[in-house]
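Undergrad: Here is the input, now give the coordinates:
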Amino acid sequence: MSPSPPTAPTLDTLLRRADSLLARLETLLPLPAAEPDWHASIAFRYRKRAHGAFGASAHGGVLVPVRHVGAIALANLKEVDAQKERLRANTAQFVAGRSANNVLLTGARGTGKSSLIKACLHEFAPQGLRLIEVDKADLVDLPDIVDLVAERPERFIVFCDDLSFDEGEPGYKALKSILDGSVAQASDNVLIYATSNRRHLLPEYMKENLTYQHTEDGEVHPGEVIEEKISLSERFGLWISFYPFTQDEYLAIVAQWLRNFGVPEDAIAAARQESLVWALERGSRSGRVAWQFARDYAGRHAA
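TA: Residues are numbered from 1 along each chain as shown. From the prediction side, this is the model:
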């Protein structure tokens, strides 16, 4: 007796199998970012929660409240008055609901780019300003972050510190789309503030200069490679540049930080030469080096 042919699965069986398969797939798909306790802080960090198949985040991201936000006042930042005024004015417009620009702060290291953004946060937090820090590796989730805060009454600065990209990094295109040129624009209550040591945010190579074209009348046309590399930075409406400090500017910053740490004026004058040696040893007269010296000096002379 020959075996009976296998029975074809019924429609109900196929549907149950499809539902089971979809349920499994849903566990691998990233979930939208979860809302934090918005009253827990004035600053938040975006963090991936878990990693699933193929190294991708299986559970999206989460906004983590920053419990201890570094307190810095605009008045404590010296020798960057022009930069301070431009960023403060742009932030004031934004908080007031008027038009304002995304900002790229570029230039010498340790000159106060990040500190200036944090100082603006403290200045305008009572008026509803909030900050979300996002690592460049997580910028691919920027559209989800923007959607999460779009209906909130607060005003949000998405802060990307020390931003630069290598060739092919995925966050580059996500940031470029949000800044300008995508159907999914940032909402009116979100601005991007980024700091970088590079004006154009991508590495530049000598060979790329060969793509420049020169016409007979002397006009210069950058090649496509160059155009692509400057297109991201051009999407920031406001560029604020920072420059290395002179010796006098460095000493003025040292004195300001020493006063902030409670060092008396006579001791500040006596610390002048020591602060110059400190900068010489580090090869930099930056605001960061001045703060580090003041912190060390104040600690050693606290008694």
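
Undergrad: Please make it C-alpha for all contacts and neighbour counts, starting now.
TA: Will do.

Undergrad: Show me where the stretch 101-250 of the chain dips below the pLDDT cut-off.
TA: 165-172, 181-186, 198-233 (pLDDT under 70).

Undergrad: secondary structure class for residue 195?
TA: Under DSSP: H, G, I helix; E, B strand; the rest coil, residue 195 falls in the strand class.

Undergrad: List phi and psi for the nearest residue to it once chain neighbours are set aside.
TA: Leaving aside its sequence neighbours, residue 195 sits nearest to residue 105 (C-alpha to C-alpha, 6 or more residues apart in numbering; 4.7 Å). Torsion angles at residue 105 (phi, psi; degrees, to the nearest 10) stand at phi -100, psi 120.

Undergrad: same deal with residue 69?
TA: Dihedral angles (degrees, to the nearest 10) for residue 69: phi -80, psi 130.

Undergrad: so residue 136 touches residue 160, yeah?
TA: Yes. Contact criterion C-alpha atoms under 8 Å: residue 136 and residue 160 qualify, at 6.7 Å.

Undergrad: looking at it, residue 123 is touching residue 75, isn't it?
TA: No. Taking contacts as C-alpha under 8 Å, residue 123 lies outside contact range of residue 75: 10.2 Å.

Undergrad: Show me the contact partners of the helix or strand hosting residue 254.
TA: Assigned by DSSP states H and E, residue 254 belongs to helix 247-260. Contacts to helix 247-260, defined as C-alpha atoms under 8 Å, 6 or more residues apart in numbering, come from residues 76-79, 265, 268, 272, 275-276, 285-287, 290-291, 293-295, 298.

Undergrad: Neighbour count: residue 123 and residue 75, which is higher?
TA: residue 123 (17 against 10; other C-alpha atoms under 10 Å).

Undergrad: which strands and helices sit next to the helix or strand hosting the more buried one?
TA: Element membership for residue 123 (DSSP H and E) is helix 113-124. Packing partners of helix 113-124 (3 or more C-alpha pairs under 8 Å, 6 or more residues apart in numbering; DSSP states H and E): helix 81-95, strand 129-133, strand 190-196.

Undergrad: and these as a markdown table, adding distance to residue 15 and mean neighbour count?
TA: Converted to a markdown table, these look like this (distance: least, C-alpha to C-alpha, whole Å; neighbours: other C-alpha atoms under 10 Å):
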| stretch | distance to residue 15 | mean neighbour count |
| --- | --- | --- |
| helix 81-95 | 52 | 17 |
| strand 129-133 | 43 | 23 |
| strand 190-196 | 44 | 23 |
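
Undergrad: List just the one of the ones you listed that sits closest to residue 244.
TA: helix 81-95 (13.4 Å; C-alpha to C-alpha).

Undergrad: If I take that closest one and strand 190-196, what angle do their directions form?
TA: 160 degrees (axes from the mean of the first three to the mean of the last three C-alpha atoms, to 10 degrees).

Undergrad: Show the average pLDDT along helix 81-95.
TA: Helix 81-95 shows an average pLDDT of 93 in the prediction.

Undergrad: Run through the residues that contact the most centrally placed residue in the chain.
TA: By C-alpha atoms, centre = their mean, the chain has its centre lying nearest to residue 160, at 0.7 Å. Contact analysis of residue 160 by C-alpha under 8 Å, 6+ apart lists 133, 134, 135, 136, 192, 193, 194, 195.

Undergrad: Apply 10 Å and report the result again.
TA: 104, 114, 132-136, 139, 192-196 (C-alpha atoms under 10 Å, 6 or more residues apart in numbering).

Undergrad: which of those sit farthest apart?
TA: It's 114 and 139 that sit farthest apart of the contacts of residue 160, by C-alpha to C-alpha, at 18.1 Å.

Undergrad: follow-up on the earlier one: apply the buried test to the contacts of helix 247-260 and list what passes.
TA: Among the contacts of helix 247-260, the ones that count as buried by 16 or more other C-alpha atoms under 10 Å are 77-79, 268, 275-276, 285-287, 290-291, 293-295, 298.

Undergrad: ok, so of those, who is nearest residue 151?
TA: When the buried ones among the contacts of helix 247-260 are compared against residue 151 (criterion: C-alpha to C-alpha), the nearest one is residue 77, at 33.7 Å.
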